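> Please work out how this folds:
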Amino acid sequence: MNFAIAVLCYRRPDLLKMMYDQLGSYAYYIDNASPEPLSLHGAPVIRNDVNEYFSGGVNFAIKTLSQHFWIWVLNNDVTGVTVTQAIELQRRAQNLPDCAIISASYNNHHEHMQPQGS
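Numbers count the residues shown, from 1 in each chain. Below you'll find the predicted structure:
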């Protein structure tokens, strides 16, 4: 497949399981050097030996999955994502020849990322 899903993970095996329950083995789970290495039966976990925080983890995921033309990078606390969304993103991206980045909108529980005002 020309499309990959990379889920950045650090600590929090509960979030790894939550993401696996949403995406299964369709995603690669990038362990960004958790003190206790993450693992979950059936989940393809790729370990980064150095915690390079979010941006470094994204770079590691892109380098590691460079055989894929499209990579959908997600943090491990995103809810409501599905494999169907990934398939639709890939379909849309392939129809946009000048596209470099595409992402679905999703619910984010971080207050600073919520709409402000009226």
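> how about the helices of the protein, start to end?
Counting by DSSP state H, the chain has these helices, from start to end: 13-23, 53-64, 83-94.
> Tell me which of those is the most buried.
helix 13-23 (a mean of 17; mean count of other C-beta atoms under 10 Å). For the C-beta atoms, the positions are set from N, CA and C on the backbone; glycine is no exception.
> The helices of the chain into CSV, with extra columns for distance to A33?
Output for the helices of the chain, formatted as CSV (distance: least, C-beta to C-beta, whole Å):
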stretch, distance to A33
helix 13-23, 14
helix 53-64, 9
helix 83-94, 26
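> which stretch among those comes nearest A6?
Shortest distance between A6 and these, using C-beta to C-beta, is found for helix 53-64: 3.8 Å.
> Can you give the distance from the closest one to the centre of its chain?
10 Å (C-alpha atoms, centre = their mean, to the nearest Å).
> Run through who's touching it.
6, 8, 10, 28, 30, 32, 46, 48, 50-52, 71, 73, 75 (C-beta atoms under 8 Å, 6 or more residues apart in numbering).
> go with 6 Å
Helix 53-64 is contacted by residues 6, 8, 30, 32, 46, 48, 71, 73 when judged by C-beta atoms under 6 Å, 6 or more residues apart in numbering.
> between the residues you listed, which is nearest V83?
A6 (14.1 Å).
> In this protein, where is pLDDT below threshold?
1, 100-118 (pLDDT under 70).
> That one: strands as residue ranges?
3-9, 27-32, 45-48, 70-75 (DSSP state E).
> how about those strands in TSV, adding mean neighbour count and distance to M19?
TSV is the format used below for those (neighbours: other C-beta atoms under 10 Å; distance: least, C-beta to C-beta, whole Å):
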stretch	mean neighbour count	distance to M19
strand 3-9	23	5
strand 27-32	23	7
strand 45-48	17	11
strand 70-75	19	7
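> Would you convert the ones you listed into JSON lines that also reports distance to Q90?
Putting the strands of the chain into JSON lines (distance: least, C-beta to C-beta, whole Å) gives the following:
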{"stretch": "strand 3-9", "distance to Q90": "4"}
{"stretch": "strand 27-32", "distance to Q90": "13"}
{"stretch": "strand 45-48", "distance to Q90": "20"}
{"stretch": "strand 70-75", "distance to Q90": "6"}
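> Cheers, nothing more for now.
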